[in-house]
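> Below: sequence and its predicted model.
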Amino acid sequence: MAAAASTAATPLLTDELDIVIPTIRNLDFLEMWRPFFEKYHLIIVQDGDPTKTIHVPEGFDYELYNRNDINRILGPKSSCISFKDSACRCFGYMVSKKKYIYTIDDDCFVIAKDPTGHDINALEQHIKNLLCPSTPFFYNTLYDPYREGAYFVRGYPFSLREGVPTAVSHGLWLNRESSLSKLNIFSYAHKYHHEIRKQF
C-alpha cells in the first residue's frame, strides 16, 4: 500500500527535469520504472551501432539520439563524446534544456526496496535531496551510514559538516560499491545506479 501511495503522489519537477539514459539495448527495463518515470521527458543516447533499432516502451515522452545524430549536431567536435563506455550520456546532458538531469543506466532491472519491502522511488528521493540543503556537501544514499558496520563511500568529505545547496545526488550499486579497494569485501543488496545533477 505504501508503494502505491508513493507512485500515486504528484511527481516533483516534471517541467524542470530530464531523464538521460545511455543505452546499447532495448529499454524494456523502463516498464519497472514506469510509475516513477512516465511523467518525465527522457533523453536516450544510443551507444554502439547507430543502424540498430532501439525499442522504447510505448507511453514515454522521449528523444532518441545515436552516433549519426551526434555527428550531425556537433560536426567536427563530435569526437568529444566517448562511445567506448556510458560516457555518451554527456551528450544527453548537453542537449537537455532543463534545470535538473537524472541519469540511470539501461541495465537497472530491479527497483530498490526499502527495509519493509516497498518499492523505493529513487527519482523522488534524489529530487528531494536537491531541493533541500544537504549535510554535509555529499548526502550519503545508504539508509543509515552511521550504523555499526557501515562506512562512507569513496570521496565522502568528512571535513564538510555544514548544510549547503546540493548540486549532485548520486546513487550507488550497493552490491558493487564504489569504495576504497580494501573495503570491497562488503556486499549489499541494492541493485541500481543513478544520479541527478543540477544544471548551473
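Ah, there it is. The structure displayed is predicted, hence computed values, not measured ones. Numbers count the residues shown, from 1 in each chain.

> How about Val95: what's its closest non-neighbour residue?
Leaving aside its sequence neighbours, Val95 sits nearest to Ile43 (C-beta to C-beta, 6 or more residues apart in numbering; 6.3 Å). Yep, even glycine has a C-beta here, placed from its N, CA and C like the rest.

> okay, now the one you found: neighbour count?
Ile43 has 24 neighbours, counted by other C-beta atoms under 10 Å.

> How much space separates it from Glu63?
Distance of Ile43 to Glu63, given as C-beta to C-beta, to the nearest Å: 5 Å.

> Would you mind grabbing the residues shared as contacts by the two?
Val95 (C-beta atoms under 8 Å, 6 or more residues apart in numbering).

> before we move on, back to that, now do the same for the residue nearest to Val95: helix, strand or coil?
strand (DSSP: H, G, I helix; E, B strand; the rest coil).

> Compute the first-to-last residue distance for stretch 94-113.
Length of stretch 94-113, first residue to last, C-alpha to C-alpha, to the nearest Å: 32 Å.

> wait, I meant stretch 72-80
Stretch 72-80 has an end-to-end distance of 13 Å (C-alpha to C-alpha).

> contact partners of that stretch?
Tyr65, Ile70, Asn71, Ile81, Val95.

> what do you get if the cut-off is 7 Å, keeping everything else the same?
Here stretch 72-80 makes contact (C-beta atoms under 7 Å, 6 or more residues apart in numbering) with Ile70, Asn71.

> quick one: contacts for Asp85?
If you count contacts by C-beta under 7 Å, 6+ apart, Asp85 has none.

> Need phi/psi at it.
Taking degrees, to the nearest 10, you get phi -160, psi -170 for the backbone angles of Asp85.

> And His118, by the same measure?
The phi/psi pair for His118 (degrees, to the nearest 10) reads phi -90, psi 150.

> What count of nearby residues applies to it?
Neighbours around His118, by other C-beta under 10 Å: 15.

> From Ala112, how far off is it?
10 Å.

> Equivalent analysis for Asp105, please.
Distance, Asp105 to Ala112, by C-beta to C-beta: 13 Å.

> No further questions, thank you.
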